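Participant: Attaching a predicted model along with its sequence, questions to come.
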Amino acid sequence: MADKSSADRILAAIRAIPPGQVAGYGHVARRAGLPGRARLVARVLRENADPRLPWHRVLRSDGRIAFPPDSEGFEEQTQRLRAEGVDVRQGRVRIAESVPDLDGNLDAALWKPR
DNA sequence: AGGATGACGGGAG
DNA sequence: ACTCCCGCCATCC
């Protein structure tokens, strides 16, 4: 298993995402000091049990929700994001329209809008 | 040891 | 914008 410190840094990076904002797996990994470990971030989330963790703010680099469109997780995440005012359409988040300048706040949290 | 797997990323067509 | 394909990393047969 990946060492605990790495998992802790990843969890901290996720908890650092402000409500109403989102970040990609790869981005979270970099912020945790683990460039190239996007898949490790996914693993940590998969094993996470903390209900207080804002896991729903983590998306794929293209803005799509990582769960299959027909899954529970997909619905759950969509609902949680919308509850924070995030614009989710067709399983995808529109940054430019739903999130106020992510670029300046978190170091360029996500992909190319639109 | 070798191949398969996945809540990923990025480039190519 | 969408699909395919391949690179990556850690884990698990």
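Facilitator: Done, it's in. Because the structure is a prediction, the values reported are computed rather than measured.

Participant: only C-alpha atoms for contact and neighbour calcs from this point on.
Facilitator: Will do.

Participant: Going by secondary structure, A:I14 is in what exactly?
Facilitator: helix A:4-15 (DSSP states H and E).

Participant: can you give me the offset of that helix from its chain's centre?
Facilitator: Distance, stretch centre to chain centre, for helix A:4-15: 13 Å (CA atoms, centre = their mean, to the nearest Å).

Participant: ok, now stretch A:31-46?
Facilitator: Here stretch A:31-46 is found 11 Å from its chain centre; the criterion is CA atoms, centre = their mean.

Participant: Give me the contacts around that stretch.
Facilitator: Contacts of stretch A:31-46 with the rest of the structure, by CA atoms under 8 Å, 6 or more residues apart in numbering, involve A:2, A:6-7, A:9-13, A:25-30, A:55.

Participant: Buried only: go through those for me.
Facilitator: A:6-7, A:9-11, A:13, A:25-30, A:55 (16 or more other CA atoms under 10 Å).

Participant: what number of residues lie near A:G73?
Facilitator: Using other CA atoms under 10 Å, A:G73 is surrounded by 15 other residues.

Participant: For A:Q77, which non-adjacent residue is closest in space?
Facilitator: A:H56 (5.1 Å; CA to CA, 6 or more residues apart in numbering).
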